[in-house]
Structures are given as C-alpha cells and as structure tokens.
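A.B. asks: with the input below, show me the fold.
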Amino acid sequence: MDREKTSGTVRLVTLIVVLCSFIIAVGAFGYFNLTKLNETSKVNYTSRIVPIDQLTTIKQVYLRGIVKSTQAFAAGKQSKEACLQEIKDATTVLNQTWTTYKKSVNTLVSRQSVHKIDDLMSEVGKSIEQLKRLVQTNDKAAVSAFVSPRLVTEIEDVVAQLNQLLTIYFDSMDRAYTQSQTDFQNLKFQFQLTLFSVIVVALLLSILVIRAINKLIRALKSSHLETYKSDTRFRSFIQNAGDPILIFDNNLRVVELNDAVEVLLGYTKTELLGKKANEFVVDYFDVSEGEHIQLIRSKKSAIVERKLKKKDGTFALVEVNSTEQPGEGSIAIIRDISERKNTEKALQESDEKYRYLFKNSPAYNIIWELETFQIKEVNQAVLERYGYSEEEWKTMNAFQYRPAEDHEKIRNFANEMLQSDLKIIQNTWRHMTKQGDEVWMEITSHKIIYEGRPAILSLANDVTHQRKAAFELQEKKEQLKLFIDHSPAALAMLDTNMCYLETSKRWITDYGLHGQQIIGKSHYEIFPEIPPRWKAIHQSALSGNQEKSDEDYFIRKDGKKEWIKWQIYPWHKATGEIGGIVMMTEVLTERKSAQELFQYQFENSPDIILIVNRLYRIEKINRSVEGGLSAEDLVGRDSIDVLPEETRAMAMDALEKCFKTGENIEFEHLLRPGMYVRSRFAPIINEEHVTHVMIFATDITDMRKTNLELQQNEYKLRMLTEQISDAIILLNERAEIVYITSVVTKVTGFESTDLLHKHVTHFIVPEDLAAGQKVIEQSLSLPGVSLSFQFRIRDVHGNIFAIRGDAVNQLNDPNVKAFIVNFRVV
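C.D. replies: Below is the predicted model of the structure:
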C-alpha cells in the first residue's frame, strides 16, 4: 500500500514535474516569441517611420524652402538677402538630413536607388548654386525663368524618386503589419492548444495553466498594442504630410485622406469618404478603371496629370503619384500644379507676344551668336533694308554685312561681351546692304542667352541720312570756326542786337577778353565805353552799308588809346535779310602789354610749356599731352608724378638744381610711351629768388627716329662704299641728299654738311637740270631699275666738269629706303 502510495506519489510528483516542466517550456517558448515580436515591432518603427520622416523633410525643404522662396523673390515679395538666407538654411537641412538618411539605409532600399537620388540631388545642388548667383544679380526675371521650368523640373525628378522610396517604406509597413497579425494569430493558437492540453492532462493544474495563458494573452495584447500604435503613427504621418494624400480600395473608393485634400478640394472628410475617383477626377475616363489599375500594377506606381473638380465648381490641375498597395488598393500623393501650368501658359503667351514684336518691330533687329558669329534671326525690317532673303540670312554670319576693316572690331566687341559682365552696349556701326550700299546703324546690343548659347540681340536705328547731314553740317561749322578762329585779323560776328555769335582768337587776344564768356552778350556790355559815333557806324552796317577805316581809334575803359584798322559789313541769312554784322579789326598799337604778348606766345607755341612752382606743382600749361591728361587736369598736379617712372629721378634733379642755382638746364627724356622731348628748364626770378621754373618741352620723337634711320643708313652705306671707288650719293623720296661718300667730297669739294637735305639738282649746271630731273622722274616710276645718266656739275670752286653714272630707286627696299646714285668724272 505504502509502496503504491509511494508509487502514486512518485507518479504524481513525476506528472507534476513533467507538467510543470511542460508548462515552463511552454512559458519559455511564449516569452521568447513575445520578446521576438516586440523587437520586430521596434525594428519596424526604426527602419521605416524614421526614414519616412527624413524623406518627407527633404521633399518639404525642396518644395517649400527653395522653390517657394525663390518664387517669392521673383514676385518681389521677398528681399534678395532673405531669399539667399532661406536657400542657405534649406541647403544645410538637405545635406544633413540626406547624410543621416544614407547612414541608416537598410535592405528595404537598394543602393542603386540611393545612388540615383544622390546623383539627382547633386545636379539640383549645382542648379541651386547657379540660382544663388542669379539671385545675387537681383535679376528677378532671370530667376523666375531659371526656377520654372528648369529647377522645378530637376526637383520634381528628385521628388519622384523620393516618392518611390516612400512607397517602398509604405509597402514594407503594410507587410510588417500583416505579418504581425499572422504571428499574433499563430501564437494565440499555440497558447490555446497548450491550455487545452494542460486541462486534459491535469485539471488540478488548470489554475497554473490559466494563469500562464492569461500571462501569454496579456503579452500578445501588448504586442498588438505596439502594432496598433505603429499603424497610428503611419496614419498620423499621412495626416500631417504636406501634400494631399488619398487612399483608395481596390474599387477606387476613398477610404482615407488627410486634411490637405480637404483644403485642396473644399470637401469635408465625411463627404469624400466612400466617393469613387471618377466623381471628382474630371478627365478620369481618359483611362478606364481596369486600364488605370493595370497601369499602376504593371509599374507598381504611376505619375499622371489630372484635373480635379473642387466643391465650388472650379478646377485644380494636379500631378498624381499613384502607388499600388497589394490586396488593399492604392495610395495617391497629389501635388497642385495649377500655378506651374499658369506660369507655363503665361511664359508661352509672353514668348509669342515678344516674337511678334521682334518680327514686326520698325527697328532693325538681328540675333547672332557671340561664339560662332552665326545669324540666328532677323525681322522684316532687316529683310527689306538689307536686301537679303530670310534663307540667305540663315547661312550668313556677322562679318558678311560689315566692311572688312570692321571685322577685327566686331571680334573685339564679341570678346568683350563674352568676358565682361556688360549686358547692354550702344555703338554706331557701318553695315553693307546686298547691293553694296553703306549704311550707318545706331545699335543697342543686348547680351542674351539664345537656344542655350550666348548671343547678341541688336536693336538698330538707321542713322545714315542723319549722319551724312550731321557730317556736312559739322564740316561747314568746323570750316567756319576754323576760318574765324585762325583768322589773322581780329574778327567778330554779331546779330542784329549786337550780341556776339562768334569771335576769332585774335579778337579775344587783341582786346584782352581772355576768361570772359562773351558769346551771347551785347557788344556794348563788353565795351560800355564805346562812344555814339561807333554805334552810328554799327547801325549803318546793320542797314546794309559796308564801313571801313584804315586808321581809327577808340578810348578803352582804362583810358588807353587803342589804334585799329577796321572793316564792318553786314551778313545775310538764307532768306536774304540782314542777320547782323561782321567786324574785322587789326590793332595798330605798336606796343602791347608784355602779358598779352606772353599769353599769345604761350598758347600758340608749338612746344609744350608749363610753369612749375617750388612745390613742383604745375600752375600753368599751354596744352594737353597727346594720349595723356588734358591741360585742365594737369594744372595742380605734381609735375614729377605725371612723368614715366624712368624719367622722374632725372626731372627731380633738374628742378632741384634749377631752383637752387638759377641755372638753365636742358636734357632729353621720355614724356610718355613712344614720345621723346627735349626739355629746357628756365628759372623765373622775382626779387633775386627763383620762384618758378618755366619748362619748354619740344617733341623730338621724329628727330630721334630720323637720326636712328640716318645712323642705320650711314652704316649700310659705309659698308657699301668701302668696296666701291665711285662717288655715291643717297637720296630720299624727295630727291634730297641724305648721305654722301668721301669720294663725293674729293670730286666736288663739298662737305657732307654743305649738301645734306639739299636737292640733288643743287650742283647740276642749269643747262642740264632738265636731264637730271628726267632721270629722277624715270627712277621714281621704275623702282629697282638701274638708269644711266651723263650731265655736268659744278664743284665748290665753280669749276664745271662732266660726270657719268647710274641711279637706282631702292625706296621700296626696307633695308635701303633711298635712291642710290653713283658716278665718276668723265
């Protein structure tokens, strides 16, 4: 009995141990699966929700941070600085978010997709840098044109790739949710089976089994709660997405939407739920239901443009990115493109309008490429004015309607426009018509981008007739002014009111009127001391009489008696009526003031004359230096600083010595590149002190060149004459002697100083002058041909003797540039 008890106890204990072990094993198994399910839920959240949030952030930054900011700037609603700052901030967020995302990429997304987006974002980044440079120029039109469609198109490509990644994550979340449900059901079944087994095996241990099952159920509920929370987060993401999102079932009925859809269409969520797509998609029936679904399934996603009807009856143009949700329908991400379409339409209308204006403008419009010079477009006015057909223009370049001498100018102009930031330049150019007529065009050149290449839009105005008339008028004015200005007599032209119209320089000088603006003023205002008898003479001339006097006088305001010779006669207008009088006077006063004489000599000296004070500053200068500063600009400047670097030390030493010793100093130096002068420093002494230095600068550039040429010629001729015993003379193009050999001196007795720069006929006897002149004329017309001659010459003592020789015209030889005449005594 005891043995049976013991055996029963042992069996019971064994059973209990076995059951407990079974329960423990089942519990351990359940705990393991619950832990695994919990970890799976965490992984699902980390690997899906976080990347979705990152990708969505990138989309929003592109669309709202960059595109909207630049559009606001182009519309004038935002400043350049604010726009650049927003672009900078957006770029920083983009780079940080994308870098973080790439580090967390898992096996859900292929590396190839990420690399593709990486490349697209890199291209967009380059465009953004270019956009920033455009914003810096503050050119809103250029920014607007760049953003749409180029930048928007590039960003849309990136967004499309991001949407594909989002679709992958959404699909993955759906599969994870489905798998979680399956795991939950399997685990639940296992626990129910275990519970049943435990009840059958040992009812007494049911409480423990029930507790274990309850514990398992609680764990499963916890896992289900996590899955539910994950689903809630997914729906929250959809709800808070920036773009409108619609979720359809397999019958294309709306089962879910976010607030952005309500804002876009004006319907409430309740009104839209259950609606079929064809109830608010206007052009839905362009594709049947079956074809639409098949399109999505075949490509897994489809991007199409649609027109949606809003609740108020208006329409919205949208881009729909539809993605299949296997077994559950599809998700449609919607982007409102109404504004973009309106912008594209406006751009098209603007392009058509400007093209019409270009073609029909009365101005002469030509578009040509800066790099190739090819003509791209011309308008009707150009066709009519130049005579070329439109087909001919298409094969022409910018050189073909310009004279050859302007080709280098147009090349330089093109290089300047390509290399500089200039946008508009105005010039006057010569053009040639097909018939060979020369026309002058006043052209405003605009640098533009045409068909992706730099080009010039030329807006031209034909000024041929105006230019010709202006030239003729200016020529007559210049002739009249030249005649008046340089008339040896003091001359003044006045109108009928005795107001000055023109005066000669001599008039100003003779009457001490320097510095006065007398043009337009009355003669009696300038000379209030004129007595009545002179006014009577003026009135007589205004009546048509010519008056003159070989000797007369008038008393100046200062009491000085001025003797003059004068003539006064009327001048007539084109209508024949008297327009005024012309007075010509000549001062006969023997003595003029020293100041007037000096002033006249100072202004009319062929030399450059300047007066320098003890501070070395220029107080007065008579003329500008060609290629340098004007006389007005030079006054007050440091006389040393305006000289070339290599001349300054020499000039400084000369000035210092002149001021210190009062000695005259003379030396030659470079005044500006290519111009040499001989400067003479003369001290001006006041009260035994040198207060100023007057500098006379004579241009010796040509003389230096001549001396250099003479030295070269002498060397060449010396080399020639060393081997020749005949007398040799070199003549220039005017038949003047520029070189003789020593034999000439032996034969004629004339030294080189006696003959240099004299005409070769100087020592030919009068009877033979005609023969000598004939040889010269023949030699001029026959360069390089040796011509023989024989005539008589006279030596230094007057002796006459005959010579025979040859003359060769070598003026065209760059190494000679002279007539070579050799002769011997017969």
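A.B. asks: packing partners for the helix or strand where residue 155 lies?
C.D. replies: Take DSSP states H and E as the rule and residue 155 turns out to sit in helix 152-201. Counting contacts by 3 or more Cβ pairs under 8 Å, 6 or more residues apart in numbering; DSSP states H and E, helix 152-201 packs against helix 2-44, helix 50-60, helix 111-136, helix 206-240, strand 301-309, strand 315-325, strand 329-336. Where C-beta positions appear, they are placed from N, C-alpha and C, glycine not excepted.
A.B. asks: apply 10 Å and report the result again.
C.D. replies: Applying 3 or more Cβ pairs under 10 Å, 6 or more residues apart in numbering; DSSP states H and E, we find helix 152-201 packed against helix 2-44, helix 50-60, helix 111-136, helix 206-240, strand 301-309, strand 315-325, strand 329-336, helix 338-360.
A.B. asks: would you map the helices across the stretch 501-650 of the chain?
C.D. replies: Taking DSSP state H, counting those that start in this stretch, the helices of the stretch 501-650 of the chain run over residues 505-510, 523-526, 532-542, 594-604, 631-634, 645-661.
A.B. asks: neighbouring strands for the helix or strand just after the longest one, and are they parallel or not?
C.D. replies: Helices and strands here follow DSSP H and E; after helix 645-661, the next one along the chain is strand 665-672. If you go by DSSP bridges, strand 665-672 pairs up with strand 675-686 (antiparallel).
A.B. asks: could you check the angle helix 645-661 makes with the partner strand?
C.D. replies: 20 degrees (axes from the mean of the first three to the mean of the last three Cα atoms, to 10 degrees).
A.B. asks: list the buried residues in whatever helix or strand comes next after strand 675-686.
C.D. replies: Counting by DSSP H and E, the next helix or strand C-terminal to strand 675-686 is strand 689-699. For strand 689-699, the neighbour count (16 or more other Cβ atoms under 10 Å) marks 690, 692, 693, 694, 695, 696, 697, 698, 699 as buried.
A.B. asks: output strand 689-699 as PDB, restricted to C-alpha atoms.
C.D. replies: Provided in PDB are the C-alpha atoms of strand 689-699 (Å, rounded to 0.1, in the frame of the first residue of the first chain):
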ATOM      1  CA  HIS A 689      64.800 134.400 -55.800                       C
ATOM      2  CA  VAL A 690      63.800 131.600 -58.100                       C
ATOM      3  CA  THR A 691      60.000 131.400 -57.500                       C
ATOM      4  CA  HIS A 692      59.100 129.300 -60.500                       C
ATOM      5  CA  VAL A 693      60.600 127.300 -63.300                       C
ATOM      6  CA  MET A 694      59.300 127.500 -66.900                       C
ATOM      7  CA  ILE A 695      59.800 124.300 -68.800                       C
ATOM      8  CA  PHE A 696      59.800 124.200 -72.600                       C
ATOM      9  CA  ALA A 697      59.300 120.600 -74.000                       C
ATOM     10  CA  THR A 698      60.000 120.200 -77.700                       C
ATOM     11  CA  ASP A 699      58.800 116.900 -79.400                       C
END
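A.B. asks: show me the contacts for residue 257.
C.D. replies: 238-239, 244-248, 264-265, 267, 269, 272-273, 275, 332, 334 (Cβ atoms under 10 Å, 6 or more residues apart in numbering).
A.B. asks: measure the spatially closest residue to residue 414 that is not a sequence neighbour to residue 416 for me?
C.D. replies: With sequence-adjacent residues excluded and distances taken as Cβ to Cβ, 6 or more residues apart in numbering, residue 414 is closest to residue 370, at 5.0 Å. Residue 370 sits at a distance of 10 Å from residue 416 (criterion: Cβ to Cβ, to the nearest Å).
A.B. asks: domains for the chain, by residue range?
C.D. replies: Using automatic domain parsing, the domains assigned to the chain come out as 2-225, 243-342, 361-462, 469-595, 605-699, 704-825.
A.B. asks: any chance of those domains in JSON lines, plus mean pLDDT?
C.D. replies: JSON lines is the format used below for these (pLDDT from 0 to 100):
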{"stretch": "domain 2-225", "mean pLDDT": "73"}
{"stretch": "domain 243-342", "mean pLDDT": "75"}
{"stretch": "domain 361-462", "mean pLDDT": "91"}
{"stretch": "domain 469-595", "mean pLDDT": "83"}
{"stretch": "domain 605-699", "mean pLDDT": "88"}
{"stretch": "domain 704-825", "mean pLDDT": "84"}
